[in-house]
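Participant: Show me how the following folds:
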Amino acid sequence: MTDRISPGLWRLYVIIDPKASRGRSDLQVAAAAIEGGADVLQLRDKEASSGRLYRVALQLRRLTRDAGIPFIVNDRLDIALATDADGVHVGQTDLPASVVREIMGPARILGVSVNTVEEAVLAERDGADYLGVGPVFEARGTKPDAGLPLGVDRIARIRRRCSLPIVAIGGINAENARTVREAGADAAAVISAIVAADDIAHAARRLKHILEDTGC
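Facilitator: Numbering: from 1, shown residues only. Now for the predicted structure:
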């Protein structure tokens, strides 16, 4: 497993989702995102069979290990463990964070999606390493069940109650990325603004610069 890198040091969190990749392979998208400065990659594919997800995850595990960045699997603890991923990210309807932590042990990274301060406090208590907060802005296309935008104020409220690193998600792009950092997020999780871009590496590089250049 890649050396565990503190989520508090992440800035650009890229989510690989084939729905947004415009026909390009997950490996192509991931390689370009890494070239552009992604600090961590997550594989998310709600429709793939377990076999296909496992094969793709193996490819991304090798790529991220060579690049020296963490590799996270969305939802699927079994795939994360089978491919020796660095961690898993779960939502409120997945296995409870406390159960995930017990199964995978202390060495791997656990991210938990939260919408409220109460969910954030519980996730911190149950062993999360970072919080995914969102959707901050309207998320178009990639997650139709994401719910109404929470706004940057929700980040600030959770920041005041929790000490865990915050990864903001939902509709984040080059025009609004600065505001999520100013509200207290450590990093931004991005899908469409990078994965669907004409030049993935350039889009990632631009966003990374914005996220690093906030003075936060």
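Participant: Going along the chain, name the strands of this structure.
Facilitator: Remark: strands assigned in the chain by DSSP state E are 12-16, 40-43, 71-74, 87-90, 109-114, 130-133, 166-169, 187-190.
Participant: Tabulate the ones you listed in CSV, adding columns for distance to His209, mean neighbour count and mean pLDDT.
Facilitator: Glycine gets a C-beta too; all of them are placed from N, C-alpha and C. Written out in CSV, the entries for the strands of the chain read as follows (distance: least, CB to CB, whole Å; neighbours: other CB atoms under 10 Å; pLDDT from 0 to 100):
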stretch, distance to His209, mean neighbour count, mean pLDDT
strand 12-16, 9, 27, 98
strand 40-43, 17, 27, 98
strand 71-74, 23, 26, 98
strand 87-90, 25, 26, 98
strand 109-114, 24, 26, 98
strand 130-133, 22, 27, 98
strand 166-169, 17, 28, 98
strand 187-190, 12, 27, 98
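Participant: Where do the helices of the chain begin and end?
Facilitator: Taking DSSP state H as the test, the helices found in the chain are 26-35, 50-67, 77-82, 97-104, 117-125, 152-161, 177-182, 192-195, 200-212.
Participant: out of these, deepest packed?
Facilitator: Taking mean count of other CB atoms under 10 Å as the contact definition, the stretch among these with the greatest mean neighbour count is helix 192-195, which reaches a mean of 24.
Participant: just checking, what packs against that helix?
Facilitator: Counting contacts by 3 or more CB pairs under 8 Å, 6 or more residues apart in numbering; DSSP states H and E, helix 192-195 is packed against strand 12-16, helix 26-35, helix 200-212.
Participant: Would you mind putting the CA coordinates of that helix into CSV?
Facilitator: Written as CSV, here are the backbone C-alpha positions of helix 192-195 (Å, rounded to 0.1, in the frame of the first residue of the first chain):
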residue,chain,number,x,y,z
SER,A,192,-16.9,16.9,-14.5
ALA,A,193,-14.6,20.0,-14.4
ILE,A,194,-11.6,17.7,-14.9
VAL,A,195,-12.8,14.3,-16.2
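Participant: how about the strands of the chain in CSV, adding distance to Ala30?
Facilitator: What follows is the strands of the chain, written out as CSV (distance: least, CB to CB, whole Å):
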stretch, distance to Ala30
strand 12-16, 5
strand 40-43, 6
strand 71-74, 9
strand 87-90, 16
strand 109-114, 17
strand 130-133, 19
strand 166-169, 18
strand 187-190, 13
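Participant: closest one to Val99 among the ones you listed?
Facilitator: Counting by CB to CB, Val99 lies closest to strand 87-90 out of the strands of the chain; the figure is 9.4 Å.
Participant: Who does that closest one pair with, and is each partner parallel or antiparallel?
Facilitator: strand 71-74 (parallel), strand 109-114 (parallel) (DSSP bridges).
Participant: Residues touching the longest one, excluding its own?
Facilitator: By that I understand strand 109-114. Residues outside strand 109-114 that contact it (CB atoms under 8 Å, 6 or more residues apart in numbering): 4, 7, 70, 72, 86-92, 97, 100-101, 104, 119-120, 123, 126-134, 158, 167, 169.
Participant: Can you give me the pLDDT of Leu81?
Facilitator: The confidence metric pLDDT takes the value 98 at Leu81.
Participant: how much space between it and Ala67?
Facilitator: Per CB to CB, to the nearest Å, Leu81 is found 21 Å from Ala67.
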